[in-house]
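Q: have a look at this prediction, sequence included:
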Amino acid sequence: MKKLLEVKNLRVSFHSYSGEVEAVRGVSFHVNEGESVAIVGESGCGKSVTARTVMGLTQCPPGEIKEGSEIIFDGRDITKFSEKEWQRYRGGDCAIIFQDALAALNPTLTVGHQIEEKLKLHGIKDKKEAYSETVRLLTAVGIPNPEKRYKAYPHEFSGGMRQRIMIAIAIACNPGLLIADEPTTALDVTIQADIIDLIKELVKEHNTAVIMITHDLGVVADMAERIIVMYAGKVVEEGSSEDIFYKTKHPYTRALLNSVPRLDLDEEKELEFIEGAPPDMTDPPKGCAFAGRCPYCMEICTKEEPPCYEFNEGHTAHCWKYHEYAEGLFGEVEE
Amino acid sequence: MKSFVFKRTVQMIFVLFLVSVFSFGIIHFSPGDPLAMYKQPGMHKMTVEQEEALKEELGLNGTVTDQYIGWAKKTLNGDLGTSISNRLPVKDQIFERIPATAGLMAASLVISIVCAVPLGLIAGMYNNKWQDNLISTFTYFGISIPAFWFGIVLIILFSLKLNILPSGGMRTIGVDSTWDLIKHGILPALVLSVNNTAVFVRYIRANTITQMKEEYVMTAKSKGASGTGILFYHVLKNCMLPVITLVGSRFGMFITGSFVVESVFSWPGIGQLGMSAVNNRDYPMIMGITMLSCIALLLGNFLADILYGFADPRIKQGKE
């Protein structure tokens, strides 16, 4: 399969009064055409920064994309884009759905205008054509009465409907890559599944690749083909959905999976959580970033960064436990 | 909408009442005698009876409370009394001068907004860069320069040295052209607008900075919009909303502000009338002008609230 997006050794820092915050520290991954990839991790692990940098939305300054970072989209290095090329790329090749649709939509413009704006920016100049395309998009994302709702303002919609508008804006002009930055986090649980289903359906229809950013493994379980687990600005484990869920290798991934509430387990059992807090990113630890919270921590973990170990095709983890002198971790989980 | 208008009208009447009480009190407790101009040295000396009769005629006898009640009764009947200094009805004199002041106000408001919107947007867009620093330096000057000083400097420069604009008045005697009127109005309108322009620029700049940080700007960027596209299509409208309120609340200031400017440029408007009324302790005239600027201020705020409802789709006072 053809690689649509390839991120190589991406490093992003933010300069603040308390020093340089190293938000992303050498992340590499790729997304194939039409593939769904999820980036999972807790708050502050750098997943949103990674996604926004791919979209070219990182403010520089205070942000800084470090020398040596490469983001290759369809054969072009986007970090070297000119402003004009960026404008064509954003929205045309790559689109994003934000978490909070109320904040992400302009309160003083009708939703119809906000969708049409993107169509006009990417080639549809004819007014009538733009209007009918907007109505088609509103219908596609399941807005009832699209002609009438075209003239409505964002605050006149419910939370779920607003997120549908965001999706309509994102899929307009058929971008090759769709980034969904926690698209369901701000929504009612009852609506979350609808929104995920809608994204899945639309993406399949147009063979769009998706990067789904989330901290909720439940959300990605049945959508993502591959999952990338991030911790403290680094990728700790990467693999197919099955590898991550059933052949977990990294202790952080395991801890993350254990902290998802489950209905099929004993009620008496307390929900597990990960003790401690993520490290301070103005001064990241020398060895493995998870060492301080890891129940299997060894001496070397605090001193040197763990190398990458590959288990089967495309399943990798960064953990010293898989060194030839260590005993390894976790057998395969019974399905 | 109806209940909103009703509520605000009651509020405004109450405020007007309080303002009338306070200003009436302040005028009467301040030193000076309205009859002083009748008693200047060299003039025929009035007898006690004559003075009493004059006081009676002008409504100046009795306690302050009696005088206030007398004034209020007449005012409610639409009669603002007669001026002490020239014995002409106050209302007629004020109405006669409204066009001059209103024209000046409108011109200065247009100048302020036309200058302030682009300057504020640029300053906000280039926050803390040289463009912003340059514009901000000018706004600090604009806020701090006293109108009378700036007016005199302009007169010296354009009337005395360059001799291209008249130094005062509204028309050249014998000339009745619009161009002549504009030539007379440029300097006072400019002076009157400097302070407002500076204040508007500060507001628009601050709004632009806040709005640029909003997430919808990020969405617009992610759609592929350019910097100027975002500024004019998305940010401008959101920035201008608070400015509507600001213009409304400064409406009364235009009349009080024109006191000084009209005096400097001998502009025959309400400000000049008010200035001489204050100097002569012309009580009915002072009250009339005070009430007028109070009404202008209240109506300005009221209109701003209603306009805001039309401009911002989130606030629809029209819906019931």
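A: Now that the structure is in, tell me what you want to look at.
Q: which parts of the stretch 101-250 of chain A sit against chain B?
A: A:103-109, A:117-118, A:121-122, A:153, A:155, A:166, A:169 (CB under 8 Å from any CB of the partner chain). To be clear about C-beta, it is placed using only N, CA and C from the backbone, and glycine gets the same treatment.
Q: in terms of pLDDT, where does the nearest residue to B:Thr172 once chain neighbours are set aside sit?
A: On the basis of CB to CB, 6 or more residues apart in numbering or on different chains, the spatially nearest residue to B:Thr172 that is not a chain neighbour turns out to be B:Asp180, at 5.5 Å. Turning to B:Asp180, the model gives it a pLDDT of 80.
Q: list the backbone torsions phi and psi for B:Asp180.
A: Dihedral angles of B:Asp180 (phi, psi; degrees, to the nearest 10) stand at phi -60, psi -40.
Q: give the contact list for A:Asp77.
A: Taking CB atoms under 8 Å, 6 or more residues apart in numbering or on different chains, we find A:Asp77 in contact with A:70-71.
Q: for it, give its distance to chain B.
A: Shown here: A:Asp77 relative to chain B, a distance of 19 Å by CB to the nearest CB, to the nearest Å.
Q: partners of that residue in the sheet?
A: Beta-bridge pairing of A:Asp77, defined through DSSP bridges, involves A:Ile72.
Q: residues near B:Lys237, how many?
A: Other residues near B:Lys237 number 16, with proximity taken as other CB atoms under 10 Å in any protein chain shown.
Q: circling back to that earlier point, ChimeraX command to pick out the buried ones of the residues of the stretch 101-250 of chain A next to chain B?
A: Typed into ChimeraX, the line below selects the buried ones among these, using 16 or more other CB atoms under 10 Å in any protein chain shown:
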select /A:104,105,106,107,108,109,117,118,121,122,153,166,169
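Q: show me where the stretch 51-200 of chain B has its helices.
A: Assigned by DSSP state H, counting those that start in this stretch, the stretch 51-200 of chain B shows helices spanning B:64-76, B:90-125, B:130-144, B:147-154, B:178-212.
Q: so which bits of the longest one are buried?
A: Right, the one you point to is helix B:90-125. Within helix B:90-125, the residues that qualify as buried by neighbour count (16+ other CB under 10 Å) are B:90-91, B:93-94, B:97, B:100-105, B:107-109, B:111-113, B:115-117, B:119-125.
Q: hang on, the earlier thing: from the residues of the stretch 101-250 of chain A next to chain B, which is closest to B:Leu80?
A: For those, the closest approach to B:Leu80 (CB to CB) belongs to A:Thr108, at 43.4 Å.
Q: which one is the closest one nearest to, not counting chain neighbours?
A: In this structure, A:Thr108 finds its nearest non-sequential neighbour in B:Lys237, 4.8 Å apart by CB to CB, 6+ apart.
Q: now do A:Pro284
A: For A:Pro284, ignoring the flanking residues on the chain, the nearest one in space by CB to CB, 6+ apart is A:Glu22 at 5.6 Å.
Q: ok, back up a step: relative to A:Cys294, which of the helices of the stretch 51-200 of chain B is closest?
A: Scanning those with CB to CB as the criterion, the closest one proves to be helix B:178-212, at 41.7 Å.
Q: buried set for the closest one?
A: By neighbour count, and taking 16+ other CB under 10 Å as the criterion, the buried residues in helix B:178-212 are B:181, B:183-209, B:211-212.
Q: thinking again about what came up before, wait, what's in contact with the residue nearest to A:Thr108?
A: Listed by CB under 8 Å, 6+ apart, the contact set of B:Lys237 reads A:108-109, B:311.
Q: which of the helices or strands spans it?
A: Taking DSSP states H and E as the criterion, B:Lys237 maps to helix B:236-249.
Q: contacts for whatever helix or strand comes next after that helix next, please.
A: The C-terminal neighbour of helix B:236-249 among helices and strands, as given by DSSP H and E, is helix B:251-264. Residues from elsewhere that reach helix B:251-264, judged by CB under 8 Å, 6+ apart: B:101, B:104-105, B:108-109, B:147-148, B:151-152, B:155, B:168, B:188, B:191-192, B:195-196, B:267-272, B:274-275, B:289, B:292-294, B:296-301.
Q: could you check how far B:Val117 is from B:Tyr203?
A: Distance, B:Val117 to B:Tyr203, by CB to CB, to the nearest Å: 11 Å.
Q: what do you get for B:Pro89?
A: Shown here: B:Pro89 relative to B:Tyr203, a distance of 40 Å by CB to CB.
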